[in-house]
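**Student:** Show me how the following folds:
(chains A and B)
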Amino acid sequence: QQQVKQSPQSLIVQKGGISIINCAYENTAFDYFPWYQQFPGKGPALLIAIRPDVSEKKEGRFTISFNKSAKQFSLHIMDSQPGDSATYFCAAQVTGNQFYFGTGTSLTVIP
Amino acid sequence: DTEVTQTPKHLVMGMTNKKSLKCEQHMGHRAMYWYKQKAKKPPELMFVYSYEKLSINESVPSRFSPECPNSSLLNLHLHALQPEDSALYLCASSNDRVYNSPLHFGNGTRLTVT
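**Tutor:** The predicted structure is shown next:
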């Protein structure tokens, strides 16, 4: 059973546009929601993370929006750049336990 | 560069070979992980070590044998692998003394089994 559902599977955005990736979960015990960015041939790298007591977190062009009642969270990439082209994974964790990853979104930003 | 170092970067091995993957971190993290990642898929958890003791084995076949010699090192010993074991093997660490500590991944070893 997929603990974290992620959509879309792939996304193509024009340079300067907004990229939006969505994730949903069922386990209300999850208390930590990181996003990872992975370039080809590299390991995933932490991009930004949020806890469920916060509805939004922004770091530069990257924003997580969190809707606790809907059990959904999303990543917004503002002013998307070709260098943002990568695979993005959302994840969820109950502190002290394993991380559950979404299925990934392949983002392509075209110039 | 990441703070988790994995060697080798690439490995090609036959089904009768024995090889080892190595992982090293010097962030003082006491939780270390092995993940397997197939193309266009998320990382799949294989093993977790906490304070140098194996705490999670996700029903991984015995041809994969983990070892944690000390708090900075993690090995994965490989023996009699199958072609379907070809994948990117990722090591990660986390600071389990800190609430909400993220995983820090290495860049992986690309394994090809022939």
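**Student:** Just list whatever residues bridge to residue 65.
**Tutor:** Answering for chain A, as no chain was given. Listed by DSSP bridges, the beta-bridge partners for A:S65 are A:E56, A:S74.
**Student:** To clarify, I was referring to chain B.
**Tutor:** Taking DSSP bridges as the rule, B:S65 bridges to B:H77.
**Student:** I'd guessed it sits against B:H77; true?
**Tutor:** Yes: counting by C-beta atoms under 8 Å, B:S65 touches B:H77, with 4.2 Å between them. Where you see a C-beta, it was placed from the backbone N, CA and C, and this is true even at glycine.
**Student:** which residues touch stretch B:67-87?
**Tutor:** By C-beta atoms under 8 Å, 6 or more residues apart in numbering or on different chains, the residues outside stretch B:67-87 that reach it are B:13, B:15-26, B:28, B:30, B:32, B:34, B:36-38, B:46-47, B:49, B:51-54, B:63-66, B:89, B:91, B:111-114.
**Student:** Show me these that map onto helices.
**Tutor:** In helices, defined here by DSSP state H, there are no members of the contacts of stretch B:67-87.
**Student:** So which of those residues sit within strands?
**Tutor:** Here DSSP state E is the test, and the contacts of stretch B:67-87 give B:13, B:18-25, B:32, B:34, B:36-37, B:46-47, B:49, B:53-54, B:64-66, B:89, B:91, B:111-113 as lying in strands.
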